[in-house]
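A.B. asks: Take this sequence and fold it.
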Amino acid sequence: MDVLAEVMSLLRTQGQLYGRLELSAPFGLKFPGNKGICLIVTRGSCLLIVDGREPIPLVGGDFVFLPSPKTYTLVSGPREPVRPATDVVSPETFHRTRLFSHGGKGTPVSVIAGCFTFESPESEMLVKHLPAIVHLPASSHESPWFGATLQHLAAETMGNQPGSAAIVDRLAEVLFVQAMRSQIHSMIGSGSPSWLRAIADPQIGEALRLMHAEPARNWTVPALAEGVSMSRSAFAERFRKLVGETPLDHLTRWRMVRAAAMLRERRPIKMAAVANAVGYESESSFGKVFKRVMNVSPGGYRLCHHQGAETDSESNPPSPEFLS
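C.D. replies: Predicted structure coming up:
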């Protein structure tokens, strides 16, 4: 089983908001942050500043994913004054038109800005190891389809054709998966432990695949080590070095993520069946571990998210904020 594919299935998005930023130099705009911001530069160049970090040059064809920025700023040059984006275009106007136009008479820059709304609340457990900025430069694109996908996405946001929103959603998700794949490769050899880095390791990546494929199996460190042809001590040490936690701690967290996904499903399922599906014979022991990891009981989690789904379907549109 492909671990990245399994992770991406839990990070599947539900209704992204996208709009075009048509800017021209000189400009300097600070946008309020959110979770899951993505930026796609379709023409021109500018600088991106995230939460006061060093500016990052962006050019046409670049894709950027920001897991949870407090703010992000787009400027035409390093010395340009910055003003809040909400002073230029109201959130209500952006929601209605999906267009943000601003700047002088200089070089134009076009950016598609969007917000991934993850279906899974525990997606934070899965993206917490990502850096603050995932940047996929145009120069790093190895496949010709990536540039074609960007062009297709840009064309869909320019028009107002039936089904455009759904097409944009799917195309952006493809770009996101590619960004995650690129991130995995870039983390090879880095010193920061994370499951993303570990996926690329032949033996530890295989151990992750084994656990993710059969979360209900009674895995032990010796069994996992044997499954990837390593000694127990060497396996345990390397796993912790790459992943940042022990094999059994990772297994426990992954089991709870899978259990949470089952509890969110609308079809009725007994708690004992959920417990059994993730390797617990006792519903009581499962409940204790779930509450420890998720900070809520399984029953409370299911009730909360089922009620939330019903409320969302009946409620008014969300309060107008940029990319919220």
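
A.B. asks: Let me see the contact set for Gln183.
C.D. replies: With contact taken as Cβ atoms under 8 Å, 6 or more residues apart in numbering, Gln183 is in contact with Leu130, Pro131, Val134, Leu196. For every residue, glycine as well, the C-beta is placed using N, CA and C.

A.B. asks: Now name the helix or strand holding the last one.
C.D. replies: Translated: Leu196. With elements delineated by DSSP states H and E, Leu196 resides in helix 195-199, which encompasses its position.

A.B. asks: circling back: taking the contacts of Gln183 one by one, which sit in strands?
C.D. replies: Within these, residues falling in strands by DSSP state E are Val134.

A.B. asks: Return the item of the contacts of Gln183 having minimum pLDDT.
C.D. replies: When the contacts of Gln183 are compared by pLDDT, Leu196 scores lowest at 70.

A.B. asks: any idea of the mean pLDDT for the longest helix belonging to the chain?
C.D. replies: The residue-count maximum for a helix in the chain (DSSP state H) belongs to helix 164-187. With pLDDT averaged residue by residue, helix 164-187 scores 75.

A.B. asks: Just give the nearest non-adjacent residue to Val88, would you?
C.D. replies: If the residues on either side of it in the chain are set aside, Val88 comes closest to His102, at 5.0 Å by Cβ to Cβ, 6 or more residues apart in numbering.

A.B. asks: isn't that neighbour right up against Arg20?
C.D. replies: No: the criterion here is Cβ atoms under 8 Å, and His102 misses it with Arg20 at 11.7 Å.

A.B. asks: Between those two, point out the one with more neighbours.
C.D. replies: Neighbours of His102 and Arg20, each counted by other Cβ atoms under 10 Å, are more numerous for Arg20; the result is 20 against 17.

A.B. asks: Double-check that that one belongs to a strand.
C.D. replies: Yes: following the definition DSSP: H, G, I helix; E, B strand; the rest coil, Arg20 is counted among the residues of a strand.

A.B. asks: rewinding a little: scan the contacts of Gln183 and report the most crowded one.
C.D. replies: The residue in those with the most neighbours, by other Cβ under 10 Å, is Leu196 (27 neighbours).

A.B. asks: is it true that that one touches Leu130?
C.D. replies: Yes: because the distance of 7.2 Å satisfies Cβ under 8 Å, Leu196 is recorded as touching Leu130.

A.B. asks: Could you export the longest helix of the chain as PDB, CA atoms only?
C.D. replies: Extracted as PDB, the C-alpha positions of helix 164-187 are listed here (Å, rounded to 0.1, in the frame of the first residue of the first chain):
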ATOM      1  CA  SER A 164     -15.500  25.100 -13.000                       C
ATOM      2  CA  ALA A 165     -15.400  25.000  -9.200                       C
ATOM      3  CA  ALA A 166     -15.300  21.200  -9.200                       C
ATOM      4  CA  ILE A 167     -12.500  21.200 -11.900                       C
ATOM      5  CA  VAL A 168     -10.500  23.700 -10.000                       C
ATOM      6  CA  ASP A 169     -10.900  21.600  -6.800                       C
ATOM      7  CA  ARG A 170      -9.600  18.500  -8.500                       C
ATOM      8  CA  LEU A 171      -6.700  20.200 -10.300                       C
ATOM      9  CA  ALA A 172      -5.500  21.900  -7.100                       C
ATOM     10  CA  GLU A 173      -5.600  18.700  -5.300                       C
ATOM     11  CA  VAL A 174      -3.400  17.100  -7.900                       C
ATOM     12  CA  LEU A 175      -0.900  19.900  -7.500                       C
ATOM     13  CA  PHE A 176      -1.000  19.500  -3.700                       C
ATOM     14  CA  VAL A 177      -0.200  15.700  -4.000                       C
ATOM     15  CA  GLN A 178       2.700  16.600  -6.300                       C
ATOM     16  CA  ALA A 179       3.900  19.200  -3.800                       C
ATOM     17  CA  MET A 180       3.800  16.500  -1.000                       C
ATOM     18  CA  ARG A 181       5.700  14.100  -3.200                       C
ATOM     19  CA  SER A 182       8.300  16.800  -3.900                       C
ATOM     20  CA  GLN A 183       8.500  17.600  -0.200                       C
ATOM     21  CA  ILE A 184       9.200  13.900   0.600                       C
ATOM     22  CA  HIS A 185      12.200  13.900  -1.800                       C
ATOM     23  CA  SER A 186      13.500  17.200  -0.500                       C
ATOM     24  CA  MET A 187      13.500  15.900   3.100                       C
END
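
A.B. asks: No more questions from me, cheers.
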